[in-house]
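**Student:** Task: produce atomic coordinates for the following.
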Amino acid sequence: MNAIIIYIFVGIFTPGPNNIMSSSTASKIGVLKTLPFMFGVLVGTFLVFSLTGIFNIYLFDNVDIIKKYIGIIGALYMTYLAFMIISSDSISESGKVVTGKLFFKAVLLTFINPKAIIFGLTVTGIFVSQGVSALGVFTIALFLAVLCFISVLLWGTFGHLFMKFLSKHFKIFNIIMATLLMYSAVLILFDTI
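**Tutor:** Numbering: from 1, shown residues only. Next up, the predicted model:
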């Protein structure tokens, strides 16, 4: 069980689309204005982890078929996000961040985020194989969603705290964030094809 706990923390707190978008957005508009995005991640991950848990209960043998399509769609969306980050002109370009849509953008990102879906399938699959019931799956999904919220909050805070530093090295920061997204997309494509 220690291995699954390590996997959970590494999977949630390492760079991924939600964490990178939280950091990038908070560096532009601040942590408070990024909170809708963070709450969207909370809701989105709870829904994704709940659905993957229920999916594992009923369709455990068919995971690989769905994993391929989710991986391709997610990698394409991550490429789009990387392009949006790298094409941003300056750190003060907060006008491009539509705060009213951050919540729904985060929920959508989570639903097509291969890292979140594959992570959900893996973790809930382990618990389902141990005999966890549907109610247990929802409890686990809520716990994992709260951890994801803490992660995007930390990544957003990091992005905001280093805003002055980032304003001087904005292009480098954007290149690094976009590269991390592209790296994630390539890894997911190789893993799913």
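
**Student:** Would you agree Y7 is in contact with V123?
**Tutor:** Yes: counting by C-beta atoms under 8 Å, a contact exists between Y7 and V123, whose distance comes to 7.3 Å. Any C-beta I mention is one placed from the backbone N, CA and C, and that applies to glycine too.

**Student:** Name the residue in the two with the higher neighbour count.
**Tutor:** Applying other C-beta atoms under 10 Å to Y7 and V123 shows that V123 carries more neighbours, namely 22 against 14.

**Student:** what about that one, helix or strand, and which?
**Tutor:** Take DSSP states H and E as the rule and V123 turns out to sit in helix 114-129.

**Student:** Now that helix: buried residues?
**Tutor:** 114-128 (16 or more other C-beta atoms under 10 Å).

**Student:** Just the closest of the residues you listed to L42, please.
**Tutor:** A116 (12.0 Å; C-beta to C-beta).

**Student:** residues contacting that closest one?
**Tutor:** 16-18, 44-45, 48-49, 110, 148 (C-beta atoms under 8 Å, 6 or more residues apart in numbering).

**Student:** Next one: the most centrally placed residue in the chain from L135, what distance?
**Tutor:** Centroid-nearest residue in the chain: N18, 3.1 Å away (criterion: C-alpha atoms, centre = their mean). For N18, the distance to L135 (C-beta to C-beta, to the nearest Å) stands at 26 Å.

**Student:** Many thanks, have a good one.
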